[in-house]
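Student: structure for this input, please:
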Amino acid sequence: MQVNGRVRLIVAMIVLCGGLILGGCQRPQPPPAVIPEVATVTIQPKRVVLTTELPGRTYSYFVAEIRPQVSGIIQKRLFDEGSDVTAGDVLYQIDPAPFKAAYDNAVANLAVMQRAADRARAALEASIAGVERQRATLALARTNRRRFEELFEDRAVSASERDQAVTEAEVADATLRVAEAQVKSDQKAVAAAEAAIQQAEAALETARINLGYTRITAPISGRIGKSNVTVGALATAYQGSAFATIQQLDPIYVDATQSSANLLQLKRNIAAGRIKGTGPDQTRVKLLLEDGTPYPQEGILKFSEVTVDPSTGSYILRMVFQNPKHILLPGMYVRAIVQEGVVDRAILVPQQAVTRDPKGTPISLIVDAEGKVQQRRLTLERAIVDKWLVASGLSPGERVIVEGVQKVRPGNVVKVIPFDAGQKDGVESGKTAQPAKKSN
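Tutor: Below is the predicted model of the structure:
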């Protein structure tokens, strides 16, 4: 019985081992292949308004430094520091006493000159009247001389009577010449008197102007700063240091700098037809304040500097903004958003859809009509918010892989699902701090 039990045990073990051996010889079935999923966006051209964000500073529209034009002691200061003043407001009063005295003296001197001129004119008129009378006397004397000469020939008068008539005519002629000389002399006297009047009037005007300069007024409207002088200080005419400074803050200038290289690139794009100008809208400018908040007023592009700064390779764009609430103050750092042009059929792709190969060339992966992955080399124009503006390398209708790029390679078959990033249709606003350097 023990032998039979051992035999059964050995047989069972042999069967078990055979089953294990046979089971070990069978190959396991491989799991089914998994097709990777990728999220794509379909290229749809859009109208993009290109803008450039430029750093800038604010500057006063007008700046006037207040300086005295006459010397004297300051008697009064007639404004509050930091207040708004209007053109023509009196700011300082210089002691007017010496200038008032000079003005009164000029008035009196002019009166003296006018009286002297009146006398000279009266003398001239008398001389002219004397000349007229003497001419009448001379004409009568000449008539008498001719008559006496005729009578002398007829022996109606004596030689002495004739000679007397001739002498009277000669005396009348000499007297006329003297009277005419007196007229010329009186005319010179009148001219000299009138010149003296003009000098006296000029002196009076100078005295009046200097008296007016004792009241120092605001040349422009704006906000005045602190006063650098006090009452009792000595003012010197046209001194170097200003009494105070007035700055006009409404409107206000914004000067922004732009790279000349970007300007050349923009001109090339416009010439090639990739970008077209926006017409009058190009003169409209928006502004961001130091803390990033938008300024409520739109500005106007006034002009661009014609010279490039050789040290920075940039030029100045000057803009004008209305500033009724004086939010903008001179010297503030701002960022100006300037419109460059419009791209009617712009190709935009999310930035995460663009990678670079070992050489630094930007590339994207697309899914073709057969569901296979293809690689595209891109030329990028600039970054616009979270997207790239593509100049070349992609065509409308192509599906660009945005998510799942790391899981696939060119030639792989993939399963496509749509990429949902809350995209908006319509006009895009292409704002960028500086246009990206064109990549090939």
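Student: pLDDT below threshold where in the stretch 1-150 of the chain?
Tutor: 1-33 (pLDDT under 70).
Student: the stretch 301-440 of the chain too?
Tutor: 421-440.
Student: try the stretch 151-300 of the chain
Tutor: In the predicted model of the stretch 151-300 of the chain, residues 263, 265-282 satisfy pLDDT under 70.
Student: what helix or strand does Ala122 sit in?
Tutor: With elements taken from DSSP states H and E, the one containing Ala122 is helix 97-153.
Student: just how off-centre is that helix within its chain?
Tutor: Put simply, helix 97-153 sits 65 Å off its chain's centre (C-alpha atoms, centre = their mean, to the nearest Å).
Student: next one: stretch 151-165
Tutor: Here stretch 151-165 is found 98 Å from its chain centre; the criterion is C-alpha atoms, centre = their mean.
Student: which residues does it contact?
Tutor: Stretch 151-165 has contacts (C-beta atoms under 8 Å, 6 or more residues apart in numbering) with 141, 144-145, 147-149. Placement of C-beta: from N, CA and C, glycine included.
Student: first-to-last residue distance for that stretch?
Tutor: 12 Å (C-alpha to C-alpha, to the nearest Å).
Student: next, the buried residues of it.
Tutor: In terms of neighbour count (16 or more other C-beta atoms under 10 Å), stretch 151-165 has its buried residues at 152, 157, 162, 165.
Student: so of the residues you listed, which ones are in helices?
Tutor: Using DSSP state H, the subset of those located in helices is 152, 162, 165.
Student: identify the residue spatially nearest to the last one, adjacent ones excluded.
Tutor: Nearest-residue entry for Ala165: Phe148, 3.9 Å, with adjacent residues in sequence omitted and distances by C-beta to C-beta, 6 or more residues apart in numbering.
Student: the one you found: neighbouring residues, count only.
Tutor: Look at Phe148: counted by other C-beta atoms under 10 Å, it has 22 neighbours.
Student: residues contacting it?
Tutor: By C-beta under 8 Å, 6+ apart, the contact list for Phe148 reads 157, 161-162, 164-166.
Student: Pro396 reaches Leu348, doesn't it?
Tutor: No - using C-beta atoms under 8 Å, Pro396 makes no contact with Leu348, being 11.5 Å away.
Student: roughly how far apart are Glu125 and Asp255?
Tutor: To Asp255, Glu125 is 69 Å away according to C-beta to C-beta, to the nearest Å.
Student: that older thread, Pro396 and Leu348 - which one has more neighbours?
Tutor: Between Pro396 and Leu348, Leu348 has the larger neighbour count (other C-beta under 10 Å), namely 24 against 10.
Student: export the contacts of Phe148 as TSV, with columns for distance to Ile197.
Tutor: What follows is the contacts of Phe148, written out as TSV (distance: C-beta to C-beta, whole Å):
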residue	distance to Ile197
Val157	56
Glu161	53
Arg162	53
Gln164	49
Ala165	48
Val166	47
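Student: among those residues, which one lies nearest to Val34?
Tutor: Val166 (151.7 Å; C-beta to C-beta).
Student: ok, that closest one touching Arg146?
Tutor: No - counting by C-beta under 8 Å, Val166 does not reach Arg146; the two are 10.0 Å apart.
Student: and the two? which has more neighbours close in?
Tutor: More neighbours surround Val166 than the other of Val166 and Arg146, with 15 against 11 (other C-beta under 10 Å).
Student: any idea how far the residue nearest to that one when sequence neighbours are not counted is from Asp173?
Tutor: Leaving aside its chain neighbours, Val166 sits nearest to Arg145 (5.2 Å; criterion: C-beta to C-beta, 6+ apart). From Arg145 across to Asp173, the span is 10 Å (C-beta to C-beta).
Student: A strand includes Met176, no?
Tutor: No Met there; residue 176 is Leu. No - assignment of Leu176 by DSSP: H, G, I helix; E, B strand; the rest coil gives helix, placing it outside any strand.
Student: contacting residues for it?
Tutor: Residues counted as contacts of Leu176 (C-beta under 8 Å, 6+ apart) are 131, 134-135, 137-138.
Student: roughly how far does it sit from Val405?
Tutor: Leu176 is 121 Å from Val405, by C-beta to C-beta.
Student: swap in Asn144?
Tutor: Separation of Asn144 from Val405 (C-beta to C-beta) stands at 135 Å.
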